[in-house]
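1. with the input below, show me the fold.
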Amino acid sequence: YENFETWAEFYTLSDFNQVPKLEYRVLVREPRAGTVPSEKQFPPLTKKDTIYAANADFTAKKFKKALFGTQYRSMWTTPVHVPIINLEEKLGGLLPIKKGGGMSSNSLRMRQIGGEKQFILRSVKKDYSKLVGAKYKDLKALDIARDQNSASHPYASLALPTLSKAANIYYTTPELVYLKHQKGLGNYNSQFPEELYLLEQRPTGDWSDAEQFGNSKKIIGYTDLLEKLRTKKNHSVDQNWVLKSRIFDLWIHDWDRHDDQWRWASFKKGEQTLYRPIPRDRDQVFYKFEGLIPTVVAAFFVKKFKTMKADVKDVKNLSFNARYFDRYFLNALEWKDWERAIDTLQIALTDEVIKQAMQDIPKEVQAFDNPEIIRMLKSRRDKLKPIARKLYDFLSKEVEIVGTDNKDYFEIQRNQNGSVLVKHFIKSKS
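-> A predicted model of the protein is given here:
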């Protein structure tokens, strides 16, 4: 429909001369905000800020902490000072255009009024009822899942711009805000609770004025990138840039780096187009999965749920969600390339940079875990080579080399020392 409302409808037809019978219909996309008259009137937003806790339900007594872990409960349950976002004024006005979100988060895509840039509001608090639907939202198992979100650091992404800039990788700049129901939300008011959200850029299209995205004039998604690489012979990925981004992930203990957690900044030089990754959705940084039951789960069932420590023993499972990503985009580099990237990161990520980054977390909660996280980041930085070597050795056991739809030519050379050199060429039209 013109208001962007979208329905999927299924019909049956008993005979060619009969009118189709509607059997089922489901709403795929809500109408754009402001296109549906609202019976409820919202007063103007006069307050500029408020004090609010990310999730007061994470309080726990000694027995529950022993069983399900202390995690980041103190941080989640402590009220912090936060600005109230006014969608009609922020960044010149933000127009909601689509509801989104993964398995547990609620997000709202918005377009800057008078421009094409898009931004995302993503809930800090997670909603695990989305995994099973409204019919099963009262399941006790969901209560446990909700409680274990306390293992995620609610404000970790706020520290990453400073760290990412020092590491010379791309990054978004999330801002912690409180979303109050308001006129600017339109018909989305009923779908987004009044609570804490992260407001950040949605890197797509032209961000040539954004240094944090390399001033790229065209940013594309993962599936579009795969299509380009498969069909365009002059399009390639900057694997060295991918490498330092992934080593950075290991350093900050971000285990959720699957394929769709990246956007791709493109850079055209002559007939060649180069792509560099932009990480997004940094919800699992500094993960702390402790307690009797979480420890058993991490050891025997979901091994990627590892608690951040001063060293990384199980790099394979920490990188599990990126298993396809790593094999596709890190297949052309030797260990000397990894060493070069590590050396650069270790020099750039100084003690002062780490300390400064952790001060970007709300001051009300800095005393809880900042000292321990700072200590672990320093230790992991100093141990980056043995940590990254584990991932390199794992990936090197079986290297995947992908062809294209063009006229590919592979040259395979077996060396006397047992190594194999594979060269990939794409024939020109001539």
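2. so which bits of stretch 20-32 are buried?
-> 30, 31, 32 (16 or more other Cβ atoms under 10 Å). Backbone N, C-alpha and C define where each C-beta goes, glycine included.
3. cool, stretch 389-405 as well?
-> Buried residues in stretch 389-405, counted by 16+ other Cβ under 10 Å: 390, 391, 392, 395.
4. pull it out as CSV, backbone CA atoms only.
-> In CSV, the C-alpha atoms belonging to stretch 389-405 read as follows (Å, rounded to 0.1, in the frame of the first residue of the first chain):
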residue,chain,number,x,y,z
ARG,A,389,47.5,-17.9,16.1
LYS,A,390,44.9,-20.4,17.3
LEU,A,391,42.3,-19.1,14.9
TYR,A,392,44.9,-18.9,12.0
ASP,A,393,45.9,-22.6,12.6
PHE,A,394,42.2,-23.7,12.7
LEU,A,395,41.3,-21.9,9.5
SER,A,396,44.5,-23.0,7.7
LYS,A,397,43.7,-26.7,8.2
GLU,A,398,41.1,-26.5,5.5
VAL,A,399,41.2,-23.4,3.2
GLU,A,400,38.2,-22.7,1.0
ILE,A,401,38.8,-21.0,-2.4
VAL,A,402,35.7,-19.7,-4.1
GLY,A,403,35.3,-19.2,-7.8
THR,A,404,33.1,-16.8,-9.7
ASP,A,405,30.6,-16.8,-12.6
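5. can you give me how far it is from the chain middle?
-> Distance of stretch 389-405 from its chain centroid, counting by Cα atoms, centre = their mean, to the nearest Å, is 23 Å.
6. next: stretch 190-203.
-> 14 Å.
7. and that stretch, how far apart are its ends?
-> End-to-end distance for stretch 190-203, by Cα to Cα, to the nearest Å: 27 Å.
8. check stretch 1-21 too.
-> Stretch 1-21 has an end-to-end distance of 21 Å (Cα to Cα).
9. tell me the mean pLDDT for that stretch?
-> Regarding stretch 1-21, the rounded mean pLDDT is 84.
10. how many residues are close by the residue nearest to residue 112 when sequence neighbours are not counted?
-> Distance criterion Cβ to Cβ, 6 or more residues apart in numbering; nearest residue to residue 112, sequence neighbours excluded, is residue 91 at 5.6 Å. Residue 91 has 15 neighbouring residues, counting by other Cβ atoms under 10 Å.
11. so residue 91 belongs to a helix, correct?
-> Yes - judged by DSSP: H, G, I helix; E, B strand; the rest coil, residue 91 forms part of a helix.
12. related to what we said a few turns ago, dump the buried residues of stretch 20-32 to JSON lines, plus secondary structure and distance to residue 105.
-> Compiled in JSON lines, the buried residues of stretch 20-32 are given as follows (DSSP: H, G, I helix; E, B strand; the rest coil; distance: Cβ to Cβ, whole Å):
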{"residue": "30", "secondary structure": "coil", "distance to residue 105": "17"}
{"residue": "31", "secondary structure": "coil", "distance to residue 105": "22"}
{"residue": "32", "secondary structure": "coil", "distance to residue 105": "21"}
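13. got TSV for those residues, with distance to residue 186 too?
-> Formatted as TSV, the buried residues of stretch 20-32 follow (distance: Cβ to Cβ, whole Å):
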residue	distance to residue 186
30	9
31	8
32	7
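14. nearest to residue 101, of those?
-> Ranked by distance to residue 101 (Cβ to Cβ), the buried residues of stretch 20-32 are led by residue 30 at 12.6 Å.
15. show me what contacts the closest one?
-> Contact analysis of residue 30 by Cβ atoms under 8 Å, 6 or more residues apart in numbering lists 4, 5, 98, 99, 187, 188, 191.
16. just to check, the last one is in contact with residue 107?
-> No - when contacts are counted by Cβ atoms under 8 Å, residue 191 is not listed as touching residue 107 (10.8 Å).
17. identify the contacts common to these two.
-> Counting by Cβ under 8 Å, 6+ apart, the common neighbours of residue 191 and residue 107 are residue 99.
18. more crowded one of these two?
-> Remark: of residue 191 and residue 107, residue 107 carries more neighbours, 19 against 12, as counted by other Cβ under 10 Å.
19. ok, what's across the strand from that one?
-> Per DSSP bridges, the residues bridged to residue 107 are residue 100, residue 122.
20. does it touch residue 124 like I think?
-> No - Residue 107 sits out of contact with residue 124 when judged by Cβ under 8 Å, with a separation of 11.2 Å.
21. what are the phi and psi values at residue 176?
-> Main-chain torsions, residue 176, degrees, to the nearest 10: phi -80, psi 130.
22. just the pLDDT for it.
-> We have a pLDDT of 98 for residue 176.
23. now swap in residue 102 and tell me
-> As summarised for this prediction, residue 102 has a pLDDT of 63.
24. ok, residue 24 to residue 351 distance?
-> According to Cβ to Cβ, to the nearest Å, residue 24 stands 60 Å off from residue 351.
25. re earlier: quick one: which of the contacts of residue 30 is nearest residue 221?
-> residue 98 (14.4 Å).
26. can you count the residues close to the closest one?
-> Using other Cβ under 10 Å, residue 98 has 17 other residues around it.
27. which helices and strands sit right next to the lowest-mean-pLDDT helix or strand in the chain?
-> Using mean pLDDT, DSSP states H and E, helix 140-147 stands out as the lowest-scoring helix or strand of the chain, at a mean of 78. Identification of packing neighbours for helix 140-147 by 3 or more Cβ pairs under 8 Å, 6 or more residues apart in numbering; DSSP states H and E yields no helix or strand.
28. list the buried residues of it.
-> Neighbour counts over helix 140-147 (16+ other Cβ under 10 Å) mark 142, 145, 146, 147 as buried.
29. thanks again, I'm all set now.
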